[in-house]
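Chemist: Sequence first, then the predicted structure, then my questions.
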Amino acid sequence: MNRSARPLGQTLQLTLAHVALIAYTLIALFPVALVVMNSFKVRNAIFKTPYNLPDAESFSLVGYETVLSRAAFPSYFLNSLIVTVVSLLLIFIAGTMAAHALSEYQFPGNRLLGLYMALGIMVPIRLGTVSILRLVVDLSLVDTLIALILVYTAMGLPLAVFVLSEFMRQIPRDLKDAARVDGASEYRIYWMTVPLIRPAIGTVMVFNMIPIWNDLWFPLILAPSERNKTITLGAQQFLGQFVSDWNAVLSSLSLAALPVIVLYVLFSRQLIRGLTSGAVK
Amino acid sequence: MKSASRKAFPWHIIVFLTPALLIYTAFMIYPLVDSLRLSLYAPTPENPREEIFVGLANYQRLFTDDLLAPRLQGALRNNFLFFAVHMLVQNPLALLLASLLSSQFIRGRAIYRTLIFLPSVLSVVLIGFIWKLILSPLWGRTLFEPLGINPGPWLGLPETALPIISLVSVWQWVGVPMMLFLAALIGINDEIIEAARVDGATAWDVFWKIKFPLILPTVGIVAVLTFVGNFNAFDLVYTMQGALAPPDFSTDLLGTLFYRTFFGFQLQLGSPTMGATVAGVMFMIILVGVLLYLFIFQRRLLRAE
């Protein structure tokens, strides 16, 4: 069907739809673009001509220089990376193992255990903070990255087990039974099924990565020291102190957003597929 | 030999389940239960380290104490307003965007989708500060005055601060319900729509009489997710306004009240047991919301099946 064959009314409708979508896309991007753009400008230009792109006259890296010399951003970044990667690894290992057990074996209490694990999908872990802090103190884990890792793993497991076991149920039985006849151990069979649900695992990982990386609450409460700050908490406190130094504020905002935006561009397909496939269920 | 191994105790099941059950129980279920238990305890006046069972006295204090009750009422009222803005602005807007994006004739759908979702992957801290700068008088004057909009100080006035913060939250999260609606709309069988079109139904009718009833389960999921997320919100107010939720507690949500009650702030002393009590109230509210959802939506679904 070519364009000219379309009735006028439909063309009008399509145009209106595009206008609405473009308008909202601009609203979604404008604030972020404004901050990134102005982070490369001199102080005067930030206030006088915020809408203009940096040019030869207004271009400046002074904000970035302040941020990199004053705040321990590389160390914050490393902490966030450790916490996120190790939590995801634990969610992956413990989550696939539990999902395998729940989907593969019939044992008394199987359904009940599934329900027990699913409780955490709806109840926010934050409500247990008072006791989490006490527990972490009792375990001498206060102000360590390990405390954050354990909490995030507990937070991510319910949805991971739920989604992964749904997918594991769809793996044909014959495949596993054939392996059993060949004398494979149950552990081997588990390890064999993991690659078969790779897309689901990818989705679960991307899905957990964002809230872990962006969390402010638990770093603030469990690991607030300079040595263990994550980038989200580090940025929050840096921004609070340098509130009047707009060059530094804009640069640190851009720096903190950059890794997430890069990851998002790389994984957006996976993330969006996860959101949409989860909803159909 | 095979049957012998079948009958052997299934150690592997235990091995598979233990890590997840252990971490989940220790760091999620136990703290939630223990926190509810703590809300029934209070430190004794003689020894603050020693906590004794006091029944519902903490809850009674929270609801009737001259200092605490107004804060709880304020936070509850603000939180319901916060939720109302999300239900009335975020979710209809998400539905509108999703229905535009679900049309096969729109080109560049993937690009729109990806860009509109972008704010949802950014940290609330960044979003909060970005908007704080945009709304600050320093930038506000240059940005809004040329457009004929009064530059504020919106975040400094009790009447406007909370609506503005709610809208910033809507701006950040609208992508999530949009994706959920979009998935549901794409999942609708084309033949039903075609049949209605052939019968002369307008696009408006098709949407409200056919598509909307079909995506009702997703509407329910979006509503309950919004509810749970909103009654657990903390980061945005903390970043944009601070833990005291100024001006005059007008932006105080249950999350910020919980934080202040637990840790204390300025003149107020922190109390783990009273903090646990606020968390207990939040837990009940969220529980009621989730149960209502299960009751209304799941039952309707069962009947539809």
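Modeler: Right, received. Where do you want to start?
Chemist: centroid residue for chain A?
Modeler: A:Ile210 (0.9 Å; Cα atoms, centre = their mean).
Chemist: Nearest residue to the residue of the stretch 1-150 of chain A found nearest chain B in space, please, no chain neighbours.
Modeler: At 3.1 Å from chain B, A:Gly128 is the closest residue in the stretch 1-150 of chain A, using Cβ to the nearest Cβ. Every residue, glycine included, has its C-beta placed from N, CA and C. Leaving aside its chain neighbours, A:Gly128 sits nearest to B:Pro31 (3.1 Å; criterion: Cβ to Cβ, 6 or more residues apart in numbering or on different chains).
Chemist: Just the element for that neighbour, please.
Modeler: Assigned by DSSP states H and E, B:Pro31 belongs to helix B:30-38.
Chemist: Kindly report the same for B:Thr18.
Modeler: Assigned by DSSP H and E, B:Thr18 falls within helix B:11-24.
Chemist: tell me the mean pLDDT over that helix?
Modeler: Throughout helix B:11-24, pLDDT has a mean value of 96.
Chemist: How about stretch B:75-92 and chain A, touching?
Modeler: No - using Cβ under 8 Å from any Cβ of the partner chain, stretch B:75-92 never reaches chain A; the gap is at least 12.5 Å.
Chemist: Now do that stretch: everything it contacts.
Modeler: With Cβ atoms under 8 Å, 6 or more residues apart in numbering or on different chains as the test, stretch B:75-92 has contacts from B:162-163, B:165-167, B:169-170, B:173-174, B:177, B:219, B:222-223, B:226-227, B:230-231, B:233, B:249-254, B:256-257.
Chemist: can you narrow those to ones near chain A?
Modeler: By Cβ under 8 Å from any Cβ, no member of the contacts of stretch B:75-92 lies near chain A.
Chemist: Give me the buried entries from those.
Modeler: By neighbour count, with 16 or more other Cβ atoms under 10 Å in any protein chain shown, the contacts of stretch B:75-92 hold B:162, B:165-167, B:169-170, B:173-174, B:177, B:219, B:222-223, B:226-227, B:230-231, B:233, B:249-254, B:256-257 as buried.
Chemist: Those residues in helices, which ones?
Modeler: Using DSSP state H, the members of those that fall within helices are B:162, B:165-167, B:169-170, B:173, B:177, B:219, B:222-223, B:226-227, B:230, B:254, B:256-257.
Chemist: Report the central residue of chain B.
Modeler: Judging by Cα atoms, centre = their mean, chain B has its centre closest to B:Gly229, at 1.2 Å.
Chemist: For that one, which non-adjacent residue is closest in space?
Modeler: B:Trp173 is the one closest to B:Gly229 (Cβ to Cβ, 6+ apart), at 7.5 Å.
Chemist: Roughly how far does that neighbour sit from B:Leu88?
Modeler: Counting by Cβ to Cβ, to the nearest Å, the gap from B:Trp173 to B:Leu88 is 14 Å.
Chemist: can you check B:Ala276 too?
Modeler: Here B:Ala276 is placed at a distance of 33 Å from B:Leu88 (Cβ to Cβ).
Chemist: what about these two, which has more around it?
Modeler: The residue with more neighbours, out of B:Ala276 and B:Leu88, is B:Ala276; 27 against 12, by other Cβ atoms under 10 Å in any protein chain shown.
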